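> Sharing a model prediction with you, sequence too.
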There are 2 protein chains.
Amino acid sequence: MSYLIDGLQYSNWSEAIFHELRAGGVDAVHVTLVYHENFRETVANIERWNRWFERWPELIFQGFTADDIATARASGRTAIFFGAQNPSCIEDDIGLVEVLHRLGLRFMQLSYNNQSLLATGCYETEDTGLTRMGREVVAEMNRVGMVVDMSHSGERSTLAAVEQSARPIAITHANPALWHPARRNKSETVIGALAETGGMLGFSLYPHHLAGGSACRIEDFCTMIARTAERFGTHFIGIGTDLCQNQPDSVVEWMRTGRWTKAIDYGEGSKDAPGFPAMPGWFRDNRDFRNIADGLRVAGFSTAEVEAIMGGNWARFFGTSFGAAAAGTVAKRAAE
Amino acid sequence: MSYLIDGLQYSNWSEAIFHELRAGGVDAVHVTLVYHENFRETVANIERWNRWFERWPELIFQGFTADDIATARASGRTAIFFGAQNPSCIEDDIGLVEVLHRLGLRFMQLSYNNQSLLATGCYETEDTGLTRMGREVVAEMNRVGMVVDMSHSGERSTLAAVEQSARPIAITHANPALWHPARRNKSETVIGALAETGGMLGFSLYPHHLAGGSACRIEDFCTMIARTAERFGTHFIGIGTDLCQNQPDSVVEWMRTGRWTKAIDYGEGSKDAPGFPAMPGWFRDNRDFRNIADGLRVAGFSTAEVEAIMGGNWARFFGTSFGAAAAGTVAKRAAE
């Protein structure tokens, strides 16, 4: 059984997009609930999703375990898995990790661009690694079955998370910095650490992460994946499109500045291009995943490898990541 | 299989009390999370329970479905089911019903002594029945599988809840007013409505609900149950001890006054007796349920009837109450 799974999206959700998920054959998608939201605001976002689940049960439902991927396929729907791009949702309260896991949060980034209570973001000048609370929260995430995602964290923090975590971590949406030296893209060291520890890297289609930006060609994107696989293996890679479909530019402003500054921060954009960049023509929305699969074949991947990259690897990772840790295994590591 | 289930407790929980639950053979208990807590404070109370579940997994675990009663029995533990005595936990936000149900809230009272956003409490002068939001919330509780509990509500509101709810409701802890005319005890009309609609009445051991108070004899308590069963049947009755073990008197003050008054409200107490009343000598804690079972036999109940009252009826009610409603059934009733 080959699945189609996207490692990250943050679209302006609507019935039309849910139909596009079905038209594209997407079995499961990790969706972002949180950029800067506190706990109560995160719950309000869950409530919005609950309304959508209730209204369009023939298109979508909430995913809690990897078994829901098969359920989605069998019933012709898309399983929606929640994640947070920022630990703002747990505030200063480690007990909220378990509460949010119960509500279905399956991924949480330890920092989003800036310093958080847990780790350093990739836009800070100094990266001090995991904080005291950060180490405690990683152990708690390991215990309950919430994936540590370091997509927007700094290098040192990311390597510290790989080391600290008793369970494999993910970078749900980023590309190799060697291919395109954006601050959000990752070093060979980080990618190698993911490959060695059973982690996952989701290749991003967000234009600021692409060599050539919006004009990046499918051939270049797939060749970059092929080079990564040649060096580190195919076992740990997937897709994390970072699709932000139909979002107004006010949303990218919220993503970048939240409530942490009164000034304008352009993040990966610039004064001349402050808004969302246009997606590449070969990936406009969820109906275009077939273009990526085709491109991977052209780049030399076998059918089995294409299936692994398009969803098989994420499915396996979901299967070992979302459940409670076996008793004793996590506490031991955390106490080391 | 005969189960022992308590329809309500609010003790000052500790390892010692968890051991007493086991010593008393309590398979499941509905515990109060909320008196006046808002949503965030309710979540903090859930976090406290999560710590206890993690710390004493050999004694207790959280119950989500009726199947957890059998799991508790089979593993020699007590299943803890959450409930709220006040809808303060959902604030003005109907979406929090589903969120709290996901977190395990299985009972919610529509009002606690005072007027709430949903219904009128039993201490108000005027009872206006269910509010606009109250009717919406009952339909939502019906949909997700959260029991409407009217223990502290006024008569008109209670009858309106029975009428409005598409699923049977409960009064988890109260006694017949005919036996002891306390404001919290219930009329024959209300008790008859529960009996006719598949609802449940949990007989209370809180001394202010007992004829004779703390000096009430086990014979009188069990005779009162026998009289109720003779008139309305045995199918809808259980025990809801309202045990508030080891609580300081500051807690009964919080229960009565929350943040709604700056004055002192003695509720069921009085200026001369403002604190928690002493429990009857034959029910001091969870180890004394056998006294009630023995008393029921003396009062003339058969073995099968005693088993039904001590837990069988609650187990059946849990089994039909905690799951999502069959699609279509609830919306239809709510729209009438």
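Sure, I can see it.
> same for the longest helix seen in chain A, what does it pack against?
The helix spanning the most residues in chain A, taking DSSP state H as the definition, is helix A:39-55. Contact analysis of helix A:39-55 by 3 or more CB pairs under 8 Å, 6 or more residues apart in numbering or on different chains; DSSP states H and E lists strand A:28-34, strand A:60-62, strand A:78-84, helix A:95-102, helix B:39-55, helix B:95-102 as its packing neighbours. The way it works is simple: take the backbone N, C-alpha and C, and place the C-beta from them, glycine included.
> closest one to A:H235 among the ones you listed?
Ranking the helices and strands packed on helix A:39-55 by distance to A:H235, with CB to CB as the measure, places strand A:28-34 first at 18.9 Å.
> what ranges do the helices span in the stretch 51-200 of chain A?
With helices called from DSSP state H, counting those that start in this stretch, the stretch 51-200 of chain A shows them at A:67-75, A:95-102, A:132-144, A:155-164, A:188-197.
> How about the longest helix of chain A, which residues are buried there?
Neighbour-count burial for helix A:39-55 flags A:39-40, A:42-47, A:49-50, A:52 (criterion: 16 or more other CB atoms under 10 Å in any protein chain shown).
> what about it, average pLDDT?
For helix A:39-55, the mean per-residue pLDDT is 98.
> now that helix against helix B:39-55, angle please.
With axes from the mean of the first three to the mean of the last three CA atoms, to 10 degrees applied, the angle from helix A:39-55 to helix B:39-55 works out at 90 degrees.
> So which bits of chain A are right by chain B?
Near chain B, the residues belonging to chain A are A:39-40, A:43-44, A:46-47, A:50-51, A:93, A:95-96, A:98-99, A:102-104 when assessed by CB under 8 Å from any CB of the partner chain.
> Recalculate using a threshold of 10 Å.
Taking CB under 10 Å from any CB of the partner chain as the test, the list of chain A residues beside chain B reads A:38-40, A:43-44, A:46-51, A:53-54, A:57, A:62, A:64, A:91, A:93-100, A:102-104, A:143-144, A:327.
> quick one: A:T158 and chain B, what's the gap?
29 Å (CB to the nearest CB, to the nearest Å).
> swap in A:A160?
Per CB to the nearest CB, A:A160 is found 25 Å from chain B.
> returning to what we had before: can you check which of the helices and strands packed on helix A:39-55 gets nearest to A:A273?
Distances from A:A273 to each of the helices and strands packed on helix A:39-55 were compared using CB to CB; the minimum, 22.0 Å, belongs to strand A:28-34.
> Quick one: distance of that closest one to the chain centre.
From the chain centre to the centre of strand A:28-34 is a distance of 8 Å (CA atoms, centre = their mean, to the nearest Å).
> and what of stretch A:270-279?
How far stretch A:270-279 lies from its chain's middle: 21 Å, per CA atoms, centre = their mean.
> List the buried residues for it?
Residues of stretch A:270-279 classed as buried by neighbour count (16+ other CB under 10 Å): A:276-277, A:279.
> could you redo these as a markdown table and give each row distance to A:H19?
As requested, these are arranged in a markdown table below (distance: CB to CB, whole Å):
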| residue | distance to A:H19 |
| --- | --- |
| A:F276 | 22 |
| A:P277 | 25 |
| A:M279 | 18 |
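> Just the closest of these to chain B, please.
Distances from these to chain B were compared by CB to the nearest CB; the smallest belongs to A:F276, at 28.3 Å.
> Now do the closest one against A:G267, distance only.
As defined by CB to CB, to the nearest Å, A:F276 lies at a distance of 11 Å from A:G267.
> what sits in contact with each of those two?
By CB atoms under 10 Å, 6 or more residues apart in numbering or on different chains, A:F276 and A:G267 have these common neighbours: A:208, A:252, A:255.
> gap between the last one and B:F18?
Right, the one you point to is A:M255. A:M255 sits at a distance of 45 Å from B:F18 (criterion: CB to CB).
> for A:V138, same thing?
Between A:V138 and B:F18 the computed distance is 30 Å (CB to CB).
> Those two: which has the busier surroundings?
When A:V138 and B:F18 are compared on other CB atoms under 10 Å in any protein chain shown, the one with more neighbours turns out to be A:V138, at 29 against 22.
> Would you check that that one makes contact with A:G129?
No - the pair A:V138 and A:G129 does not pass the contact test of CB atoms under 10 Å, sitting 11.5 Å apart.
> where do the contact lists of the two overlap?
Shared between the contact lists of A:V138 and A:G129 (criterion: CB under 10 Å, 6+ apart) are residues A:119, A:160-161, A:163-164.
> can you tell me which residues contact the residue nearest the centre of chain A?
By CA atoms, centre = their mean, the mean C-alpha position of chain A lies nearest to A:T172, the distance being 3.1 Å. For A:T172, the contacting residues are A:6-8, A:30, A:32, A:83, A:85, A:107, A:109, A:147, A:149-152, A:200-202, A:204, A:238-242, A:314, taking CB under 10 Å, 6+ apart as the criterion.
> My reading is that A:T223 is in a helix; is that accurate?
Yes - the assignment for A:T223 (DSSP: H, G, I helix; E, B strand; the rest coil) places it in a helix.
> Could you tell me the per-residue confidence at A:I264?
Here the pLDDT value assigned to A:I264 is 89.
> check contacts around A:S153.
Applying CB under 10 Å, 6+ apart, the residues near A:S153 are A:109-113, A:116, A:118-122, A:124, A:127, A:129-130, A:159-161, A:171, A:184, A:186, A:190.
> Please apply the same query to A:W179.
A:W179 touches A:185, A:203, A:209-211, A:216, A:220-221, A:223-225, A:227-228, counting by CB under 10 Å, 6+ apart.
> would you list those residues in CSV and tack on distance to B:A79 and pLDDT?
What follows is the contacts of A:W179, written out as CSV (distance: CB to CB, whole Å; pLDDT from 0 to 100):
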residue, distance to B:A79, pLDDT
A:N185, 49, 98
A:F203, 45, 98
A:H209, 48, 97
A:L210, 52, 98
A:A211, 56, 97
A:C216, 55, 98
A:D220, 57, 98
A:F221, 52, 98
A:T223, 56, 98
A:M224, 52, 98
A:I225, 49, 98
A:R227, 54, 98
A:T228, 49, 98
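> Quick one, which of the residues you listed are buried?
Buried positions within those, assessed by neighbour count (16+ other CB under 10 Å), are A:185, A:203, A:209-211, A:216, A:220-221, A:223-225, A:228.
> Of the residues you listed, which is the nearest to chain B?
The closest of those to chain B turns out to be A:F203 (CB to the nearest CB; 32.7 Å).
> That closest one touches A:I309, doesn't it?
Yes - with contact taken as CB under 10 Å, A:F203 and A:I309 are classed as touching, separated by 8.3 Å.
> Provide a list of residues in contact with A:W52.
Taking CB under 10 Å, 6+ apart as the test, what A:W52 contacts is A:13-15, A:18, A:59-62, A:80.
> mind checking how far it is from A:E15?
For A:W52, the distance to A:E15 under the criterion CB to CB works out to 9 Å.
> A:R167 now?
36 Å.
> Comparing these two, which shows the higher neighbour count?
Each of A:R167 and A:E15 has its neighbours counted (other CB under 10 Å); A:R167 has more, 21 against 12.
> picking that back up, report the buried members of the shared contacts of A:V138 and A:G129.
Buried members of those, counted by 16+ other CB under 10 Å: A:119, A:160-161, A:164.
> wait, A:R143 sits on A:A325?
Yes - under the criterion of CB under 10 Å, A:R143 makes contact with A:A325 at 5.3 Å.
> Counting neighbours, go ahead and name the busier of these two.
In terms of neighbours (other CB under 10 Å), A:R143 is the more surrounded of A:R143 and A:A325; the figures are 21 against 17.
> got a list of what A:S302 touches?
With CB under 10 Å, 6+ apart as the criterion, the residues that contact A:S302 are A:234, A:296, A:308.
> The helix or strand A:V251 falls within to strand A:28-34, inter-axis angle?
Using DSSP states H and E, the element containing A:V251 is helix A:249-257. For the pair helix A:249-257 and strand A:28-34, the angle between their directions (the same axes, to 10 degrees) equals 70 degrees.
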